[in-house]
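>>> Need coordinates for the below:
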Amino acid sequence: MAKQAVSLVLLALCAASLAARLPGSWPTCQYKDPNFNKCLSSSIEKVVYLLKDGDKQLGLNPIGPLKVDEMTLDLGSGPFSLLLNAKDISFQGLEKTTFKEASVDMDKHEIKLKAFTPNMRLDFMYQASGKILVIAVKGDGPANIELDAPTTDVVIKGEPFQKKGKTYWNITDFKIDIAPTHMKSHFHELLKGNAAVSEQVNGFLNSDWKLFFQQIKGPAEEAFGQIFKSMAQRVFSRVPINDIFLD
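Down below sits the predicted model:
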């Protein structure tokens, strides 16, 4: 979870290649079809599954798991006033995502998705400094964060532009809102050299996970949004919109 950075690849996955043709194995939907939204939900779900191992031809890395080099989260003030840096992140679970809803508004240049993932897990190496309640924290090492049954609302906004007589989208915003049923985490040696207190602090993070999640939620969603915005931009700025959502 991060400042530069669950997602969800979800929209880059919804559509496209650096060429103007989609792979034959990828399902497509007619925008003017009355059942377009239902078709879109099903199609994105199939594409996400197809991309679990990535696609060399399209230059898309695997999403099962998705690898992220580095993210930084500043949790600000509050019960958890932490600066958290994560490296070598392995984001697992995206390939099992299903889609409850999907819609496109071509006039507003906006895409909305509601996704469900049985389980999301991040494994990473971390460095953290700050405070958890009144306890000073300065630690580093392996860590993980796991979200059970998260529902994710995604809103992607674009701005059309013309290139060689065709319309493309510049992705201007990629917002995500994650709502898990439970979160658990573990950070090795939050208090360097004091394993007993470190485990007590980890116990607090898990017993009061809702409090921890509410503070980490905003920075994490912003960070993931930036990662997926960049992925979507590489697709929508290169593939004509009418090749992504068929006339």
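
>>> Sticking with residue 225, tell me its helix or strand.
helix 209-236 (DSSP states H and E).

>>> Pull out the buried residues from that helix.
For helix 209-236, a neighbour-count test (16 or more other CB atoms under 10 Å) marks 209, 212-213, 215-217, 219-229, 231-236 as buried. Where you see a C-beta, it was placed from the backbone N, CA and C, and this is true even at glycine.

>>> Low-confidence stretches in the chain?
In the predicted model, the chain carries pLDDT under 70 at residues 1-23, 55, 57-59.

>>> now with 50?
By pLDDT under 50, the low-scoring segments of the chain are 2-20.

>>> need the strands for it, in chain order.
66-74, 80-92, 98-105, 110-116, 119-132, 135-148, 151-163, 166-179, 182-187 (DSSP state E).

>>> Residue 193: neighbour count?
9 (other CB atoms under 10 Å).

>>> on that earlier part again, I'd like to know which of the strands of the chain is closest to residue 29.
strand 98-105 (9.2 Å; CB to CB).

>>> show me the contacts for residue 81.
Residue 81 is in contact with 75, 130-131, counting by CB atoms under 8 Å, 6 or more residues apart in numbering.

>>> which residues pair with it across the strands?
For residue 81, the beta-bridge partners are residue 131 (DSSP bridges).

>>> Measure how the helix holding residue 225 sits relative to strand 80-92, angle-wise.
50 degrees (axes from the mean of the first three to the mean of the last three CA atoms, to 10 degrees).

>>> Which elements pack onto helix 209-236?
strand 66-74, strand 80-92, strand 151-163, strand 166-179, strand 182-187 (3 or more CB pairs under 8 Å, 6 or more residues apart in numbering; DSSP states H and E).
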